[in-house]
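Colleague: how would this look folded up:
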Amino acid sequence: MKHGRKVPKLQRDASHRKALLANLVCALVEHRRIRTTLAKAKAVRPLAEKMVTLGKRGDLHARRTAISELRQPGTVKKLFEEIAPASKERQGGYTRITKLGQRRSDSAPMAFIEWVDSFVLPSAKVEEAEAEVVSAEAPAAEDAEPKAKRASKKKAEAAAE
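Modeller: I've put the predicted structure just below:
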């Protein structure tokens, strides 16, 4: 009998399923919202919420447990520093599943899974991000200028000297 065995198998063996769910949680942490099938979204929700609960604990054992589950230390760092503090007041239900309808190719039901609490970057990280955007825009403006215009400017400067 299958009493108490409610793990969605997703037509995969145990190791493949564990790796799939870990990768989906990592994608959710990185992108804050992912589009996947409804079955996968429902399967990943418990693991994602357990990881946020570990992040709220925040001790070394919780961090190592999360790394052993997700296998990506950088993602665990982002989870513990950004996502878990945003959900500090919430007692559970950290994710939301929104149904999207059928996929065109195979009519699989699709869904978004996303974090309920929108989290804000700390002010220092926001300033760094703005500085990166400004520095990234300056070289892009020079590269957007056609070579012919740059050559004509150089000729004009040379003639002025």
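Colleague: separation between the residue most central in space within the chain and residue 115?
Modeller: Central residue of the chain (Cα atoms, centre = their mean): residue 30, 1.8 Å from the mean position. Look at residue 30 and residue 115: by Cβ to Cβ, to the nearest Å, they are 12 Å apart. (C-beta placed from N, C-alpha, C; glycine too.)
Colleague: Tell me how many other residues surround the residue nearest to residue 116 when sequence neighbours are not counted.
Modeller: When the adjacent residues along the chain are set aside, residue 116 lies closest to residue 96, with 5.1 Å between them (Cβ to Cβ, 6 or more residues apart in numbering). As a burial measure, residue 96 scores 15 neighbours (other Cβ atoms under 10 Å).
Colleague: before we move on, back to that, name the element the residue nearest to the centre of the chain belongs to?
Modeller: helix 14-31 (DSSP states H and E).
Colleague: Over to residue 97?
Modeller: strand 95-102.
Colleague: what residues go with each domain of this structure?
Modeller: 1-117, 121-161 (automatic domain parsing).
Colleague: Could you say which of these is packed most deeply?
Modeller: Mean neighbour count (mean count of other Cβ atoms under 10 Å) peaks for domain 1-117 among these, with a mean of 15.
Colleague: For that one, give the distance from the opening residue to the closing one.
Modeller: 39 Å (Cα to Cα, to the nearest Å).
Colleague: tell me how far it is from the chain's mean position?
Modeller: Relative to its parent chain, domain 1-117 has a centroid offset of 11 Å by Cα atoms, centre = their mean, to the nearest Å.
Colleague: Any stretches of this structure with poor pLDDT?
Modeller: Along the chain, the parts satisfying pLDDT under 70 run over 118-149, 161.
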